[in-house]
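K.L.:
pasting the sequence and the predicted coordinates here, then a few questions.
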Amino acid sequence: MQTETLHTRLADIASPEAITGDTPSVDGKRPGLSVAPSSAPALAAVVAELARVGAATLIVGGGTMLDVGGPPAAADVALRTTGLDAVTGYEPADLIVTAEAGVTLADLQATLRAHNQTLPLDVPYPARATVGGVVAANAHGPLRYAFGTAKDLVMGLQFVQGDGTLVKSGGEVVKNVAGFGLHKLHVGALGTLGVITSATFKVHPLPDADVTLLCAFEDSHAAFAAGLDLRAHLPTAAAVMNEAAQQRVLGKANGPHVLLVRFLGGESAVARQARDAEATGTAAGAAAIEKIGPDAGAALWQECVDLGWEPDAPDAALKASAVPTATHHVYGDLMRSAAAVGGEAMVVGDPLNGSLKCIVRRAAGARHAAREQESSLEGLDGLVQHARAVSQEHGGSLVLQRGSQALKAACDVWGPHPQGLAAMRSIKRAFDPGHILNPGRFVGGI
């Protein structure tokens, strides 16, 4: 492929100003040029041209989760959605909002907040994370327990298929029974089925009260058991953190394990829930319980969500799951396994959703030893494989969310292939017949 010729063609389609040399490197693949169309029709025309010449296309939003997924099979062009940056429809009375793919979550929340509303998605680095990227990755945090994930909040999408066709799916009303939700396929597909150009969400009123309880425990099993017991008080979110995670999120360790519980809602209801939860926490053996107000609490939860997505990538970032009653088993095993490979693990477990994340960092000496001894890489690979087996044993799964090229090459990022892989590949061929959109990044090399 002649990069100069493609540069000229894309400049004619999207305008010369849309073409830049600012191209990101993902797992060792760096595109030759970058294009940022300023409208959905222009983006569709760009994709049509890329499909015509068979240019492998890396889709880029805010870049916060660009290294999620398998290594790209190829990357000729970076297609940026940041030029699509408008909130195109907002009906506060109907609780719906439509935003283009390049709008950041922080900007969208500011628009909603002016009308006392919010999109209850807690994602890493919302000042950089874009609507398109959040939907494509199905990004979410502990608020999932009360509000669901992006898949639950997205009512409709506009997207460009791999042949350049601009498609709209879903509705712009809270109740939509128009048939099969084609747009749901794109939530979490990492842009492998189409380039999202805009999304319509259902939004929620801002809560009147926001209270977080911090409960310190000596024993992790007791912390998780308390989290499950607190379901009776209708919490909005919960998280259990080990000491290393506390140091990063809280700036100090309040105990071997802390349970964070958040309550959002009306003033009187939240006051009653927090009071009853304190009693439950004390009965469960909490050594100390601290009540945290809305501003400090919101900042604390954002730090918890940001953990592992800092620009300085960890040696490994794992996302695991288990049935909620067995989450503590995976939590403890992750800490022990990380120590066994010479690393420190920051582990955060969600007792309500049965999900965990583990951030493994090794000291400079350990990384140097890894270069001297090939078995050290096998240790990280062994950590992933062992933790995956433990998660599966307890009813869950494990994904390697971040890691070096070597680690990704040593183990499957996604784990065992699902039974429906053949159907998934068929859907990929239907939406992206030229296999140009983020090739290789999804399950099974899709």
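P.N.:
Okay, I see it.
K.L.:
show me the strands in the stretch 1-150 of the chain, by range?
P.N.:
19-20, 33-35, 57-60, 77-80, 87-91, 96-100, 117-118 (DSSP state E, counting those that start in this stretch).
K.L.:
excluding residues flanking it in the chain, which one is nearest T104?
P.N.:
T130 (5.7 Å; Cβ to Cβ, 6 or more residues apart in numbering). C-beta here means a position set from N, CA and C on the backbone, and glycine is covered the same way.
K.L.:
worst mean pLDDT among the strands of the stretch 1-150 of the chain?
P.N.:
Here the strands of the stretch 1-150 of the chain differ in mean pLDDT, and the lowest is strand 19-20 at a mean of 89.
K.L.:
what does it contact?
P.N.:
Residues outside strand 19-20 that contact it (Cβ atoms under 8 Å, 6 or more residues apart in numbering): 7, 10-11, 33-36.
K.L.:
for PyMOL, what selects the buried ones among those residues?
P.N.:
Buried members of these, defined by 16 or more other Cβ atoms under 10 Å, are picked up in PyMOL with:
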select buried, resi 7+10+33+34+35+36
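K.L.:
just put the contacts of strand 19-20 in TSV and tack on distance to G141.
P.N.:
Below are those laid out as TSV (distance: Cβ to Cβ, whole Å):
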residue	distance to G141
H7	39
L10	36
A11	40
L33	35
S34	30
V35	32
A36	28
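K.L.:
that older thread, so which of the strands of the stretch 1-150 of the chain is nearest G308?
P.N.:
Ranking these by their distance to G308 (criterion: Cβ to Cβ) puts strand 57-60 first, at 20.2 Å.
K.L.:
how about the closest one: buried residues?
P.N.:
57-60.
K.L.:
quick check: the farthest pair among those residues?
P.N.:
Taking Cβ to Cβ, no two of these sit farther apart than T57 and V60, at 9.7 Å.
K.L.:
which neighbours do those two share?
P.N.:
Joint contacts of T57 and V60 (Cβ under 8 Å, 6+ apart) are 78-79.
K.L.:
mind listing the helices for the stretch 1-150 of the chain?
P.N.:
With DSSP state H, counting those that start in this stretch as the criterion, the stretch 1-150 of the chain has helices at 3-14, 40-53, 105-113, 131-137, 144-147, 150-153.
K.L.:
pick the most deeply packed of those helices.
P.N.:
helix 131-137 (a mean of 29; mean count of other Cβ atoms under 10 Å).
K.L.:
identify the residues contacting it?
P.N.:
With Cβ under 8 Å, 6+ apart as the criterion, helix 131-137 contacts 59, 61-65, 68, 81, 84, 99-105, 108, 121, 123, 139, 150, 154, 157, 186-191, 195-199.
K.L.:
hmm, try it at 7 Å
P.N.:
Contacts to helix 131-137, defined as Cβ atoms under 7 Å, 6 or more residues apart in numbering, come from residues 61-62, 64-65, 68, 81, 99-103, 105, 108, 121, 123, 150, 154, 186-191, 196, 199.
K.L.:
now list the buried members of the residues you listed.
P.N.:
Judged by 16+ other Cβ under 10 Å, buried ones among the contacts of helix 131-137: 61-62, 64-65, 68, 81, 99-103, 105, 108, 121, 123, 150, 154, 186-191, 196, 199.
K.L.:
and G420, its phi and psi?
P.N.:
As for G420, its main-chain torsions (degrees, to the nearest 10) stand at phi -90, psi 20.
K.L.:
now it: how far from I446?
P.N.:
From G420 across to I446, the span is 12 Å (Cβ to Cβ, to the nearest Å).
K.L.:
of the two, who's got more company?
P.N.:
I446 (25 against 11; other Cβ atoms under 10 Å).
K.L.:
where's the residue lying closest to that one once chain neighbours are set aside, which helix or strand?
P.N.:
Excluding its sequence neighbours, the residue lying closest to I446 (Cβ to Cβ, 6+ apart) is K428, at 5.0 Å. According to DSSP states H and E, K428 maps onto helix 421-431.
K.L.:
next one: that helix to chain centre, how far?
P.N.:
23 Å (Cα atoms, centre = their mean, to the nearest Å).
K.L.:
can you tell me what sits against it?
P.N.:
Contacts of helix 421-431 (Cβ under 7 Å, 6+ apart): 161-162, 185, 192-194, 443-444, 446.
K.L.:
save the buried residues of strand 57-60 as CSV, and put in distance to G342 too.
P.N.:
CSV is the format used below for these (distance: Cβ to Cβ, whole Å):
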residue, distance to G342
T57, 39
L58, 33
I59, 36
V60, 34
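K.L.:
and which of those is nearest V26?
P.N.:
Ranked by distance to V26 (Cβ to Cβ), the buried residues of strand 57-60 are led by L58 at 6.3 Å.
K.L.:
residue ranges in the stretch 1-150 of the chain under the pLDDT threshold?
P.N.:
1-3 (pLDDT under 70).
K.L.:
recalculate using a threshold of 80.
P.N.:
1-4 (pLDDT under 80).
K.L.:
would you map the strands across the stretch 201-350 of the chain?
P.N.:
For the stretch 201-350 of the chain, applying DSSP E, counting those that start in this stretch gives strands covering 204-205, 209-217, 237-242, 257-265, 288-292, 316-321, 343-350.
K.L.:
out of those, which gets nearest to L230?
P.N.:
strand 257-265 (5.6 Å).
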